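Q: Here is my input, please return the structure:
(4 chains)
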Protein chains: 2
Amino acid sequence: MAKFSIGNNIRKLRFNANEMTQQELAEKVGVTRQTIVAIEKGKYSPSLELAFGIALAFNVPLEEVFYVENNPP
Amino acid sequence: MAKFSIGNNIRKLRFNANEMTQQELAEKVGVTRQTIVAIEKGKYSPSLELAFGIALAFNVPLEEVFYVENNPP
DNA sequence: CTGAAATGTAAAATATACTTGACATGAAGA
DNA sequence: TCTTCATGTCAAGTATATTTTACATTTCAG
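A: Sure, this is the predicted structure:
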């Protein structure tokens, strides 16, 4: 079901956002810190809901946080 | 974990895209028709991967397909 | 040096997305 | 009328995301 992989800029965004910590982000979006770590490190990709939640937490559009890596032709 | 709900324009996009059928969309993105039906009708929201897959199938940005309904303050 | 804060990791349990197979309906065309 | 196509739905199973608990490491202030 997956013809591409998904990358993210969470780490950069956290540091741009006043050095926000993983814990703080987790609380802000309502998940556990481990979930943030796993996603930030690319262990798996989040649900669409959580993806929107993270984008809202940073006040940026979703595609500024997550992006497709191998755009298939 | 969910402070908002997610809406989508799949149906509109399918009709704009040459009356694309649910079956066709499903094959194009590599899931079953039932999955498309469920998402189109809002029974649940897709994974981020599938969300990107659908956006790619229509050649539009993800946020043109899916959107947040209750932007929290 | 010591302790607290931030990060990374892992195993087991639960929740949710997705599949498979099957059936029902309405619309459209032969 | 009979058949086909597109759509909607349901139940049971598999896969993946998320939680919980727990521990290790590094960095930095005191």
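Q: Now do the buried residues in stretch A:31-40.
A: Under the neighbour-count criterion of 16 or more other Cβ atoms under 10 Å in any protein chain shown, stretch A:31-40 has A:31, A:35-36, A:39-40 buried. Backbone N, C-alpha and C define where each C-beta goes, glycine included.
Q: what's the distance between the closest residue to residue A:39 other than its chain neighbours and residue B:68?
A: Counting by Cβ to Cβ, 6 or more residues apart in numbering or on different chains, residue A:39 lies nearest to residue A:46, which is 5.1 Å off, once chain neighbours are set aside. As for residue A:46, its distance to residue B:68 is 15 Å (criterion: Cβ to Cβ, to the nearest Å).
Q: How about residue A:48?
A: Distance from residue A:48 to residue B:68, by Cβ to Cβ: 10 Å.
Q: so what's in contact with the two at the same time?
A: The overlap between the contact sets of residue A:48 and residue B:68 (Cβ atoms under 8 Å, 6 or more residues apart in numbering or on different chains) consists of residue B:6.
Q: State the phi and psi torsions of residue A:44.
A: Main-chain dihedrals, residue A:44, degrees, to the nearest 10: phi -160, psi 170.
Q: is it true that it touches residue A:35?
A: No. With contacts counted by Cβ atoms under 8 Å, residue A:44 stays clear of residue A:35, the gap being 9.4 Å.
Q: residues contacting residue A:70?
A: Taking Cβ under 8 Å, 6+ apart as the test, what residue A:70 contacts is A:3-5.
Q: Can you pull up the most central residue in chain A?
A: A centroid search over chain A (Cα atoms, centre = their mean) returns residue A:10, at 5.0 Å, as the residue closest to the centre.
Q: pretty sure it is touching residue A:39, no?
A: Yes. Using Cβ under 8 Å, residue A:10 is in contact with residue A:39, at 6.8 Å.
Q: Name the residues contacting each of the two.
A: residue A:54.
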